[in-house]
Every structure is written in structure tokens, then in C-alpha cells.
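Engineer: No sequence on hand, only this structure:
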């Protein structure tokens, strides 16, 4: 198993994948439809979105947690 110290990084990466792949699918459906070449277009879009969203999630989620902690009173 993965060491506990990597928990936040693993969680951010999984969240990025879980969110970006369905979005890529829907965007290809909207822009291209179910035509010849759909699968290749989806795979390219999914790969690009995952490669973009993983670094953004690893930066954005901790920032969002800090901002939320400041906005929400305990």
C-alpha cells in the first residue's frame, strides 16, 4: 500500500481523474457526437484533461482548503 504521508497527493490525483474523464467524455459528445473517430478523440481529450487537472488539483485543493478554513468559523 501507499504510505500515509502521500494521502493528500493520492486523493488529489484520484479526484482530478474522477472529475476530468467524465467531463472529457461529455465535451467530446457535445463537440463531435458519436461518430467515427469518437473513441480516439475521447481518449486524447481524457489524457489531456488528466494531465492538466492533476497538477491543478494538487495546487488548488490545498488552497481551497485554506481559504475555506478562513471563511468558515469554528
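Structural biologist: Arrived safely, thanks for sending. Remember, it's a predicted structure, so these values are computed and weren't measured experimentally.
Engineer: how about the residue nearest the centre of the chain, phi and psi?
Structural biologist: The centroid of the chain falls nearest to residue 16 when counting by C-alpha atoms, centre = their mean (2.1 Å). Here is the backbone geometry of residue 16 (degrees, to the nearest 10): phi -60, psi -40.
Engineer: Quick check: it vs residue 55, distance?
Structural biologist: Distance of residue 16 to residue 55, given as C-beta to C-beta, to the nearest Å: 9 Å. The C-beta positions use only the backbone N, C-alpha and C, and glycine is treated the same way.
Engineer: Residue 20 is in contact with residue 53, correct?
Structural biologist: Yes. Between residue 53 and residue 20 a contact is recorded at 4.2 Å, counting by C-beta atoms under 8 Å.
Engineer: If you count neighbours, what's buried in the helix or strand containing residue 10?
Structural biologist: Under the criterion of DSSP states H and E, residue 10 resides in helix 7-31. Neighbour-count burial for helix 7-31, with 16 or more other C-beta atoms under 10 Å as criterion, is recorded at 12, 13, 15, 16, 17, 20, 21, 24, 28.
Engineer: Give me the below-cutoff pLDDT ranges for the protein.
Structural biologist: Within the chain, not a single segment meets pLDDT under 70.
Engineer: and if we set it to 90?
Structural biologist: For the chain, applying pLDDT under 90 flags the ranges 1-2, 73-74.
Engineer: And residue 10, how far from residue 52?
Structural biologist: 18 Å.
Engineer: go on, residue 6?
Structural biologist: According to C-beta to C-beta, residue 6 stands 21 Å off from residue 52.
Engineer: How about residue 17?
Structural biologist: Residue 17 is 12 Å from residue 52, where distance means C-beta to C-beta.
Engineer: Please apply the same query to residue 44.
Structural biologist: From residue 44 to residue 52 the distance is 13 Å (C-beta to C-beta).
Engineer: packing partners for the lengthiest helix in the chain?
Structural biologist: Taking DSSP state H as the criterion, the chain has its longest helix at helix 38-71. Packing partners of helix 38-71 (3 or more C-beta pairs under 8 Å, 6 or more residues apart in numbering; DSSP states H and E): helix 7-31.
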